[in-house]
Each structure stands twice: as C-alpha cells, then as structure tokens.
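The sequence and its predicted three-dimensional model are supplied below.
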Amino acid sequence: EVNVVESGGGLVQAGGSLRLSCEVNGFLLGRIVLGWFRQAPGKEREGVSCISMSGGSIYYTDSVKGRFTISRDGARTAVYLQMNGLKPEDTAVYYCRATDLDVRADYWGQGTQVTVSS
C-alpha cells in the first residue's frame, strides 16, 4: 500500500510564502514522478509543478514560474513546494501525486488548503 501525505498549507497574506511538503510511504517499483496539483472552488484540478525523482527533470505551469520552487528528497521519497510571492489566485486545495511510470499507477494525497488573502 502506498500513502501520500501532504502538509504545510495555511492562510497567508498576498506576497507571503508557504512551503508544502509531501512524503510518500510504501513500496514503489519503478520510475517515480512527484507532482503538485491544485483545485480552486468551481475550477478543474490543474498541474502546478512536478519533478522526476531519478533525473530531477522539473516542470512548472506558467502562472507559478519564478515564484514557486519544487525540490525532492530521494532518500525519503519526498517532495517540497516553496511558494513565494503568493497571490489570491493561488488559493486552492493543493494535492500531491506520486506517479509510478513503470506500472502506470497514480497515488494521491488528501490535499492541503492554501488560502491567500488580499
């Protein structure tokens, strides 16, 4: 069984910072990609950033480039999202997803709320 656990959400004023953490527990067989997604009220879930645990390839959606930084800890199968310069439009529930590319399986966390006040 694979468990994905996020932490670090909260309430912050516009311009502030938060750091999200995600740790994956369990046995993963193949090549792993860890990613952050978010879903705002009334909107579809969107990809924010992801990182390959092996080669470190990184992706950011355009709206967070230059403000958010993703990093990984291979020893713990963990990923972090440092969010700076937060804007009210960043308000959403942030989800961590672990993807095992070789077995084509996705594992989602429960989500953590990020609220940015103006």
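Received, thanks.

Name the residue closest to the centre of this protein, please.
Residue closest to the average C-alpha location in the chain (C-alpha atoms, centre = their mean): Trp36, at 2.4 Å.

shouldn't it be in contact with Tyr95?
Yes. At 7.2 Å, Trp36 and Tyr95 qualify as touching, with contact defined as C-beta atoms under 8 Å. Bear in mind the C-beta positions are built from the backbone N, C-alpha and C, glycine included.

does the closest residue to Ile58 other than its chain neighbours count as helix, strand or coil?
The shortest distance from Ile58 to any non-neighbouring residue, by C-beta to C-beta, 6 or more residues apart in numbering, is to Ile51 (5.1 Å). Under DSSP: H, G, I helix; E, B strand; the rest coil, Ile51 falls in the strand class.

quick one: buried residues of stretch 22-35?
For stretch 22-35, the neighbour count (16 or more other C-beta atoms under 10 Å) marks Cys22, Glu23, Val24, Leu28, Ile32, Val33, Leu34, Gly35 as buried.

Tell me which two in those are the farthest apart.
Greatest spatial distance among the buried residues of stretch 22-35 (C-beta to C-beta): Glu23 and Val33, at 15.3 Å.

Quick one: the strands in the chain, in order.
Listed in chain order, the strands of the chain (DSSP state E) span 3-7, 10-13, 18-25, 32-39, 46-52, 58-60, 68-73, 78-83, 92-100, 105-108, 112-117.
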